[in-house]
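Trainee: Okay, here's the prediction I keep looking at, along with the sequence it came from:
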Amino acid sequence: VVARLDACSSAARRLVEAAAVLGGATSLNTAAALAEVTHPVDALDEAVDLNLLQLRADSGVRDVTFSHPLVQAAVYEQLGPAGRVRLHSVAAGLVDDEASALRHRVMAVTPPDPELVSDLDAFARRQATVGAWSGAAWALVEGSRLSPDRTSREQRLLRAVDAMTGAGDLIQAEAFAREAVAFAPGPLRNAALGYLAVLRGQPVEAERLLRAAWDRTDDADDASLRAVVAQRSALHAVGRLRGPDVVDWAQRALDLALPGDPVRVEAQALLGLGLGWQGHLQEGLATYDGILDNLADEQTGPPLERVHMARGWLLLVGDDVVGAHQLLARAAPAAAQNGTIRIAVWSYVWLARAGFALGAWDEAAADAERAVSLLEESGHGWLRQLARFAAVTVPAARGEWVAAEEHARAAVARPGDYELMVVAAGLARAQVPAAKGDHEAVLRALEPVVAMTDRQGV
């Protein structure tokens, strides 16, 4: 790559280096402005001939990208520290979205920079408000690295772990959590690690951490954090299949959450589920209707997807299969695209069940496989059995025993400790003998399911 760069004219080389700093597919005009190239098409033509840059297929000559990510990496590395800082500093004023501008400012900064840290915090708050947890996590990690003192670094990193967990990226969250375990115990640390424990399928650890977080916060001084702990506790109660506890903790979160707090919509979504689990199906649906009425007409993104997922679930339970399918068919791909893995998995599971009930078996099988794939990529634990339960359905009904039994085995291989996991594993295990007409095997598989749901009053 360096040899090809050396073969470039000065203008073409500057254009390639500017594109490497801007990253990904970038506007030719922006790259030319950063490179200070007056005839960008001629420089681009030279870079394309040398297989350094290429045009994005659907953009004409508007956008350019690299022939391979490693080419971009090699160009970027040969710039040297001073060259990178200079180009990133200029790029921050050229790009037209806040996230990109902040990224360039981070790459150009020489710590300390309190103003940049403050801007990263503000960006993280705005991202969290709309449920864009991945963006919030990135900003908090960078803010942590730029923080001047240990306490600030730890607080921002804990919030970043919580945001990563909210985004569903448990693999990355666990990597940072290994560092956070050594932090001094406190409500934020316990809340973040407790949330992670829920999604890893560790109810005992989640209960211990969330209870400790709740006991060490005060209504007056820590209302916002207390609302978060209550919402996480409601989610924990979902895993335990305890409808009354879901309602209780979700209501506490709503009582504590400030207007516009992202935890409010999440608590409302859980409240409706808890009501449905207690047999108050219409009241649960009415909760979601109220939320949708209060959301702005232009509201999109994670808050809306959370409500659509939960409402679709209750519609499915209430035998409005068509309505459930229509709602979940919008929520599932949108949640996956926005990176809210937990909501995407739930949505795909119930979408697959609704599709199966409607006879759309090919679609149902594909939706269930998407749920399984998302889980395997993200490191989730507590929904693994539920996704496999959905994935067993179509192959079992078709008599495709190898595929069905593979999913059933994957469900029971690690049944987990949450009641939700145990029940889903039992349901997955029962479907193959049910399709074969082996009623005794079905009963054996369902005995623990019936006993557990009876105990929980679900």
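Mentor: Arrived safely, thanks for sending.
Trainee: can we go C-alpha only for contacts and neighbour counts from here?
Mentor: OK.
Trainee: what residue ranges in the stretch 1-150 of the chain score low on pLDDT?
Mentor: By pLDDT under 70, the low-scoring segments of the stretch 1-150 of the chain are 57, 59-61.
Trainee: in it, which spans are strands?
Mentor: Using DSSP state E, counting those that start in this stretch, the strands of the stretch 1-150 of the chain run over residues 26-27, 53-55, 63-66.
Trainee: Do I have it right that Val198 meets His236?
Mentor: Yes. With contact defined as Cα atoms under 8 Å, Val198 reaches His236; the gap is 6.0 Å.
Trainee: residues in contact with the spatially closest residue to Asp6 that is not a sequence neighbour?
Mentor: Nearest residue to Asp6 in three dimensions, chain neighbours excluded: Arg13, at 7.9 Å (Cα to Cα, 6 or more residues apart in numbering). Arg13 is in contact with 5-6, 47, counting by Cα atoms under 8 Å, 6 or more residues apart in numbering.
Trainee: Dihedrals phi and psi, Gly93?
Mentor: Per-residue torsions, Gly93: phi -90, psi -10 (degrees, to the nearest 10).
Trainee: quick one, what contacts it?
Mentor: By Cα under 8 Å, 6+ apart, Gly93 lies in contact with Ala101.
Trainee: Look up how far Val394 lies from it.
Mentor: 53 Å (Cα to Cα, to the nearest Å).
Trainee: Any idea how many residues pack against the closest residue to Trp277 other than its chain neighbours?
Mentor: Nearest non-adjacent residue to Trp277, counting by Cα to Cα, 6+ apart: Gly243, 5.4 Å away. Look at Gly243: counted by other Cα atoms under 10 Å, it has 23 neighbours.
Trainee: Quick check: Gly243 touching Gln278?
Mentor: Yes. Between Gly243 and Gln278 there is a contact under Cα under 8 Å: 5.7 Å.
Trainee: mind checking how far the residue nearest to Glu305 when sequence neighbours are not counted is from Leu271?
Mentor: In space, and not counting its chain neighbours, Glu305 is closest to Ala331: 5.1 Å by Cα to Cα, 6+ apart. According to Cα to Cα, Ala331 stands 19 Å off from Leu271.
Trainee: again, but for Val349
Mentor: Counting by Cα to Cα, the gap from Val349 to Leu271 is 20 Å.
Trainee: same question, Val450
Mentor: 24 Å.
Trainee: more neighbours, the two?
Mentor: Leu271 (30 against 15).
Trainee: which SSE is the more buried one in?
Mentor: Using DSSP states H and E, Leu271 falls within helix 262-277.
Trainee: residues making contact with stretch 363-381?
Mentor: 168-171, 199-201, 341, 344-346, 348-349, 351-356, 383-384, 387-388, 390-391, 393-395.
Trainee: Generate a PyMOL selection restricted to the buried entries among those residues.
Mentor: Burial among these is assessed by 16 or more other Cα atoms under 10 Å; the matching PyMOL selection reads:
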select buried, resi 168+169+170+199+200+201+341+344+345+346+348+349+351+352+353+354+355+356+383+384+387+388+390+391+393+394+395
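Trainee: Show only the entries of the contacts of stretch 363-381 found in helices.
Mentor: 170-171, 199, 341, 344-346, 348-349, 351-356, 384, 387-388, 390-391, 393-395 (DSSP state H).
Trainee: Would you map the helices across the stretch 201-350 of the chain?
Mentor: 203-215, 223-239, 243-256, 262-277, 281-294, 302-317, 321-338, 341-358 (DSSP state H, counting those that start in this stretch).
Trainee: That's all I had, so thanks and see you.
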